[in-house]
Structures are given as structure tokens and as C-alpha cells.
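[1] predicted model and sequence below, questions to follow.
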Protein chains: 2
Amino acid sequence: MTYQQYMEFIQHTSESIFSECPVRKTLELLNGKWKLILIYELSKKNSYRFGELRKAIPTITNTMLTSTLRELEEIDIVHREQYNEIPPHVEYSLTEKGKSFFPMFFEIAKWGEKYL
Amino acid sequence: MTYQQYMEFIQHTSESIFSECPVRKTLELLNGKWKLILIYELSKKNSYRFGELRKAIPTITNTMLTSTLRELEEIDIVHREQYNEIPPHVEYSLTEKGKSFFPMFFEIAKWGEKYL
DNA sequence: CAGTATCCGTTGAGATACTG
DNA sequence: CAGTATCTCAACGGATACTG
């Protein structure tokens, strides 16, 4: 995307009042320390178990992993599938809405590879 | 970008250990409630004055605007230009590194327009 | 296994008042 | 105009104990 193209885009989104701006609203939705990190991790595989996520993101605590998963479930970004076996078995995966963040992660990766 | 293309990309970035992953590192760099919102606002114009940013983002406080601007200056995303006049005059703008977030905002906007 | 409950300490953020 | 200083409150972190 060129600078010129971005300027045309931003002129368009700027017309919506600030609180109705899709960028602003999306950023607010994803506000919180772990949301994007978790969505990104979930994008790597079809499904994850709770303990698997803990290992994949070693710095998150039990409590924060649970509450972040619940919040993402609430807004239909994460799907929780429970299998009533003994021992219990739960699978977390991204919904279609969640998978729609893929292009954004791709752009973030390009930025990171260039500047970090 | 297709699903297949994302899967190839993610397989590549997953090879780097978690803490070295460019996506993860970028997300950590941008961690904080106001960083992305501020960078996005700064993307709309060539430069902003302090008071102008306050008006543009009415929900941010004086304190958080100052400290977020300082943090973004530190990592070379925001440039601060001070004019020693009376009354004081300061201009904030994005560096090239800051402007490199444009494609990401474009993807975020597309997501928001589709799902919000 | 996949959590919840509790408590407590630390850090991030908000509100208000004030200043070079 | 462009901020600081200070105080308070909410979010997050870390440990431990416990359960369907």
C-alpha cells in the first residue's frame, strides 16, 4: 500500500466521528495486556487445550489466561469446546471472526521483522 | 491474503522461539492502553500540537498523553519538535518507523468495518 | 485436566490541582 | 500552551489452596 493510498483511506475513516471510527473501536475491543497475544497464539494451530496455551505463553498466569479466554469467548473471537470426559478436556479455537485477524498479524510481523 | 498463505507465514514465524517472535515482540512494544490509539491519531495529519491531541482523543488524560508520547519518542516512533516561543509551541509527528504502521491500521479498519 | 477462589503486592491509569 | 505533581483507584501479577 502506498502513502497516497493510506491518505485516501484515512480521509475516509476520519469522516466518522472519533468514537464511531472502526480502527478506534477495534483497538478498544482488543484493549488489555493479553488479548492480541492470545489470539495470535491461537492462530498457529487449529485448537489448543488450556494447559497447552499456558506452556505456549509461559508468562501468562492461570487467572489471566482464564479471564482473557472468557472475554474473547464473549465477543465471539474464541470458541470453547468442552468434552465431558474424565479427566476433563477442553479445546479452544478461533472463530471465523477471530481468524479474520490473520492479515493484521501478517502486517505486524512485517513491521517487527523490519524494525526490531 | 489467503488462508493457505497465512499458514505458510505462521509456520515460518513459529520457528523462532516465542520470546524472539517478531509479532510477539511488536505486540509487547505496543503494550499499553493508549499507544496504538495515539499512533493512529498521529497518522491522520502531518503534525499535532499537544492540545490538539487532547481534543482529538477526548478520553485520554493529560498525564497519560504526556507519558505515552514520551514512551513513543523513546522508541523512535514519535518525533517531538519544540519551538521556543511565548507561549510555548510543540509539534508531534510520526517518524518513518511510526508511519510504517499504516498498513496495519488499514487491516484493522477492514476488520472493524466488517465485524463491528 | 481445567479450572475457581482468595489474598495480597505491584504497576498502570484516572482525577484534580498547579506551573514555567 | 504544554505540561508536572500528587493522590487515588483499577488492572494485573504471584502464590497458594481447592474442586467438578
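    Yep, that arrived.
[2] which SSE is the spatially most central residue of chain A in?
    For chain A, residue A:39 is the residue whose C-alpha lies nearest the centre (CA atoms, centre = their mean; 3.2 Å). Assessed by DSSP states H and E, residue A:39 sits inside helix A:35-42.
[3] wait, does that helix contact DNA strand C?
    No - applying CB under 7 Å from any atom of the strand, one finds helix A:35-42 separated from DNA strand C by no less than 12.3 Å. For every residue, glycine as well, the C-beta is placed using N, CA and C.
[4] any idea of the mean pLDDT for that helix?
    Across helix A:35-42, the average pLDDT comes to 98.
[5] again with stretch A:104-114
    Across stretch A:104-114, the per-residue pLDDT values average to 97.
[6] which residue packs closest to residue A:26, ignoring adjacent ones?
    Excluding the flanking residues, the one nearest residue A:26 by CB to CB, 6 or more residues apart in numbering or on different chains is residue B:112, at 3.9 Å.
[7] burial of that neighbour, as a residue count?
    Counted with other CB atoms under 10 Å in any protein chain shown, residues neighbouring residue B:112 total 19.
[8] tell me how far it lies from DNA strand D.
    Plainly put, residue B:112 is 20 Å away from DNA strand D if you go by CB to the nearest atom of the strand, to the nearest Å.
[9] send me the helix or strand harbouring that residue as CSV with only the CA atoms.
    Per DSSP H and E, residue B:112 falls inside helix B:102-115. The C-alpha trace of helix B:102-115 is given here as CSV (Å, rounded to 0.1, in the frame of the first residue of the first chain):
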residue,chain,number,x,y,z
PHE,B,102,-0.1,2.4,8.2
PRO,B,103,-0.8,-1.0,6.5
MET,B,104,-1.6,-2.4,9.9
PHE,B,105,-4.2,0.3,10.6
PHE,B,106,-5.6,-0.4,7.2
GLU,B,107,-6.1,-4.1,8.1
ILE,B,108,-7.6,-3.1,11.5
ALA,B,109,-10.0,-0.8,9.7
LYS,B,110,-11.1,-3.6,7.4
TRP,B,111,-11.7,-5.9,10.3
GLY,B,112,-13.7,-3.2,12.2
GLU,B,113,-15.8,-2.4,9.3
LYS,B,114,-16.7,-6.0,8.8
TYR,B,115,-17.3,-7.1,12.4
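[10] coming back round to it: assess the claim that the residue nearest to residue A:26 and residue A:22 are in contact.
    Yes - applying CB atoms under 8 Å, one finds residue B:112 in contact with residue A:22, separated by 2.9 Å.
[11] and the helix holding residue A:39, what does it pack against?
    Counting by 3 or more CB pairs under 8 Å, 6 or more residues apart in numbering or on different chains; DSSP states H and E, the packing neighbours recorded for helix A:35-42 are helix A:50-56, helix A:62-74, strand A:78-83, strand A:89-94, helix B:22-29.
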